[in-house]
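> Test case, fold it:
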Amino acid sequence: MKTALITGANKSIGFETAKQLAGKGYFVYLGSRDLAKGQEAVTKLKAEGLTNLEAIQIDVTDAASIDAAQKTLSSKVESLDLLVNNAGILGGMEQAALSVDVATIREVFDTNFFGVIAVTQAFIGLLKKSATPVIANVTSGLGSLTLHSDPTWMYYNVKAAAYGPSKTALNAYTVALAYELRDTQFRVNVIDPGYTSTDFNHNSGPGTVESAAAFVVKYAAIGTDGPTGKFFSHDIQGEGDESPW
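I've put the predicted structure just below:
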């Protein structure tokens, strides 16, 4: 049975991604900053007949928490097949470039960018022991510099000076990571689940969590013959789902 760790998996897209991966036969570790909430999520999924799940405490902004999670998982499994870096924060709805608080930008980057790097580096040892290792970094279309520079893009007027750049940085890190692992069995991609209706955006998105998670799972559950170093977006209407950087 393949194993997966998903950060921020106790609600929304992370929760649904855990549900769908478990349904595909993965043993899923639901990473949650609040262990009690993670355990509640597992209880809900087990009530639906899914048994191959377990909650694990991990705060991606806390080095001690990440280290403890790595040690806990290492005591349970010999390898990790899939890491979904899903945990992220918005940082509020008002993020004008000239007025957003620098502290807000630092806070958003701490979770969305530095947190991903810290978690990836902590679990890379377990991932390297897998025959089919995958790292899926959940990004956003708002991280695309090409689209943000195109006045015809549907979200051209949505500029978030903390959140958007944090995802742009995440995309750049993923390119570097995929390159570093290019001669291995690793598949490393960024996946944008699209503008989805969740409490993250006050339920303003048109997409459903079920559809968003299915898109994440599509590229998270790929084999060694799958793509690597790519940016896939659920909001892109075209062959291959590939988004411009």
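> Please make it C-alpha for all contacts and neighbour counts, starting now.
Fine.
> what mean pLDDT does the longest helix seen in the chain have?
For the chain, the longest helix by residue count, based on DSSP state H, is helix 163-180. Mean per-residue pLDDT for helix 163-180: 98.
> again with stretch 41-49
Per-residue scores along stretch 41-49 average to 97.
> Stretch 139-153 too?
The model assigns stretch 139-153 a mean pLDDT of 97.
> Tell me, how many residues neighbour the residue lying closest to residue 156 once chain neighbours are set aside?
With CA to CA, 6 or more residues apart in numbering as the criterion, residue 156 has its nearest non-adjacent residue at 5.5 Å, and that residue is residue 148. Close neighbours of residue 148, defined as other CA atoms under 10 Å, add up to 20.
> how about the residue nearest the centre of the chain, what does it touch?
Central residue of the chain (CA atoms, centre = their mean): residue 86, 2.5 Å from the mean position. Residue 86 makes contact with 6-9, 14, 137-138, according to CA atoms under 8 Å, 6 or more residues apart in numbering.
> repeat that for 6 Å
7-8, 138 (CA atoms under 6 Å, 6 or more residues apart in numbering).
> cool, residue 31 as well?
6-9, 56-58.
> right, and the secondary structure at residue 21 would be what?
Put simply, residue 21 is helix when judged by DSSP: H, G, I helix; E, B strand; the rest coil.
> circling back: next, format the contacts of residue 86 as CSV and append neighbour count and distance to residue 75.
Output for the contacts of residue 86, formatted as CSV (neighbours: other CA atoms under 10 Å; distance: CA to CA, whole Å):
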residue, neighbour count, distance to residue 75
7, 26, 18
8, 26, 21
138, 27, 27
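> for the residue nearest to residue 170 when sequence neighbours are not counted, phi and psi?
In this structure, residue 170 finds its nearest non-sequential neighbour in residue 113, 5.4 Å apart by CA to CA, 6+ apart. With angles defined as degrees, to the nearest 10, residue 113 sits at phi -120, psi -70.
> mind listing what's buried in stretch 39-47?
By neighbour count on 16 or more other CA atoms under 10 Å, the buried set for stretch 39-47 is 39, 41-43, 45.
> So what touches that stretch?
Taking CA under 6 Å, 6+ apart as the rule, stretch 39-47 contacts 10, 55.
> hmm, back to that, from residue 68, how far out is the residue nearest to the centre of the chain?
Using CA to CA, to the nearest Å, we find residue 86 at a distance of 19 Å from residue 68.
> Please give the element, helix or strand, for residue 109.
Element membership for residue 109 (DSSP states H and E) is helix 102-109.
> got it, and residue 135?
Short version, using DSSP H and E: residue 135 is in strand 134-138.
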